[in-house]
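# Sequence first, then the predicted structure:
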2 protein chains.
Amino acid sequence: MTSTADKILDVAQTLIVAGGYNAFSYADISDAIGIRKASIHHHFPTKAELVTTLVDRYRQQTEAGMTSIQQQVSSPAEQLRFYLNFWQTCIRDASLPFCVCAMLAGEMQMLPEDVASRVRAHFHSLAKWLASVLQAGAEQRLFRLDKRPEDEAQVLMATVHGAMLSARAFNDPDLFAAIVDTQMARLLMQGR
Amino acid sequence: MTSTADKILDVAQTLIVAGGYNAFSYADISDAIGIRKASIHHHFPTKAELVTTLVDRYRQQTEAGMTSIQQQVSSPAEQLRFYLNFWQTCIRDASLPFCVCAMLAGEMQMLPEDVASRVRAHFHSLAKWLASVLQAGAEQRLFRLDKRPEDEAQVLMATVHGAMLSARAFNDPDLFAAIVDTQMARLLMQGR
DNA sequence: CGAATTCATCCTACTAGTAGGTAGATAACA
DNA sequence: TGTTATCTACCTACTAGTAGGATGAATTCG
């Protein structure tokens, strides 16, 4: 049993992932969960506060996911594989076919500052996590890095987000896996 | 001297690039170019038609750009460099800090079908052009491709779009160049 | 115990403002 | 002259957000 506030955030997340900040309204949420608009305003007085809370929750879930990956598997190569598989699955079964923060990043200039700063923070922490995994992998001679782990992490992150976009543009979930797997293979020291 | 219709498209393009399909209105354009809303409707009866025309124009400009690159420089490596430099410059001087179609691709599900199909078409032709450049470069031993040119083109395109997103998220235009140059360097057969 | 009170949740009904779009008059132009 | 471009004025639907009341479940008080 989930709370009303959580249900509101769930619907809002789905709608944001589908079309961004400006593509959803309180009325949409109202219709989706069978509650009056005013009741949504009771839980989240303004749209900015709603999305702020939403991004906070998303960041928390992401952080938990990262920690979980690092606890469950020890090999940096497998850790990266887990991260990529997560999105591969999300996109394939259409459960979360886009990163909330990647979606919002495109609208950065139009977002309330409270939201924008949190989106930026997500990008920072994701880049940091990827860099740490890449660095650990490089130290264990699992990855071959041409540049600093931080730089390679930026490339990888961009590829992942771009692959989400391409999968959507081509309406082909498998394209995400194809792009990301190519990049993953390039990181692994193949035939060296 | 540009026509009113072109001025409308110019403003609309700037606004779409800033926040997507749902983040601009006829009133915004009206304010920007000092013309009444109704006059915009004279040129573009509906918003869908406006954006459809806009994407058509953008695709035409892109096509012309590609052709121009292939006429002016012969080396596939330089052709690719030209393409990447174009975006590097656009993003750095903030003239066109995002690809219109990449922006719209994120909102694919909410777009009018006429717009969506054109966005898809842009992705197809861009992927095709990149693949042809990569293939030519591989044949001339300028690029080292791990996979088929079509697959490598998809990776490259995703990286470019993802780099646009990152540059925006981090509010750092130079990040685009850093990401894209790393990927470019990887394509070139550097001492391997 | 039971009554009074607080509180959270949800509601109906409303606001001011904006969305995309239309009708019809007027002006400029070929 | 008719055609193209622009205007004023308006429409309906929707936007985020507010005011104030009904319900019911805790909590406090006599």
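Looks like it came in fine.
# if you look at the strand or helix carrying A:Met157, does any of it touch chain B?
In this assignment (DSSP states H and E), A:Met157 forms part of helix A:149-169. Yes: counting by C-beta under 8 Å from any C-beta of the partner chain, chain B has neighbours in helix A:149-169: A:151-152, A:154-155, A:157-163, A:165-166, A:168-169. C-beta here means a position set from N, CA and C on the backbone, and glycine is covered the same way.
# and if you look at stretch A:132-146?
Yes: interface with chain B: stretch A:132-146 contributes A:Asp146 (C-beta under 8 Å from any C-beta).
# quick one: contacts of that stretch?
Contact partners of stretch A:132-146, identified using C-beta atoms under 8 Å, 6 or more residues apart in numbering or on different chains, comprise A:75-77, A:79-80, A:83, A:149, A:152-153, A:156, A:187-189, A:192, B:182, B:185-186.
# rewinding a little: next secondary structure element downstream of the helix holding A:Met157?
helix A:173-187.
# average pLDDT across that following helix?
The average pLDDT for helix A:173-187 rounds to 97.
# Kindly report the same for stretch A:44-55.
96.
# Report the buried residues of that stretch.
Within stretch A:44-55, the residues scored as buried using 16 or more other C-beta atoms under 10 Å in any protein chain shown are A:Phe44, A:Lys47, A:Leu50, A:Val51, A:Thr52, A:Thr53, A:Leu54, A:Val55.
# Is that stretch in proximity to DNA strand D?
Yes: using C-beta under 7 Å from any atom of the strand, stretch A:44-55 reaches DNA strand D at A:Pro45, A:Thr46, A:Lys47, A:Ala48.
# Just send those back as CSV, with secondary structure and distance to A:Ile29 too.
Below are the residues of stretch A:44-55 next to DNA strand D laid out as CSV (DSSP: H, G, I helix; E, B strand; the rest coil; distance: C-beta to C-beta, whole Å):
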residue, secondary structure, distance to A:Ile29
A:Pro45, coil, 14
A:Thr46, coil, 14
A:Lys47, helix, 10
A:Ala48, helix, 15
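# which one of these sits closest to DNA strand C?
The nearest member of the residues of stretch A:44-55 next to DNA strand D to DNA strand C, counting by C-beta to the nearest atom of the strand, is A:Pro45 at 11.7 Å.
# I'd like to know how far that closest one sits from chain B.
Distance, A:Pro45 to chain B, by C-beta to the nearest C-beta, to the nearest Å: 22 Å.
# which residues of chain A fall in helices?
In chain A, the helices defined using DSSP state H lie at A:4-19, A:26-33, A:37-43, A:47-72, A:76-92, A:100-106, A:113-139, A:149-169, A:173-187.
# Alright, I will stop here.
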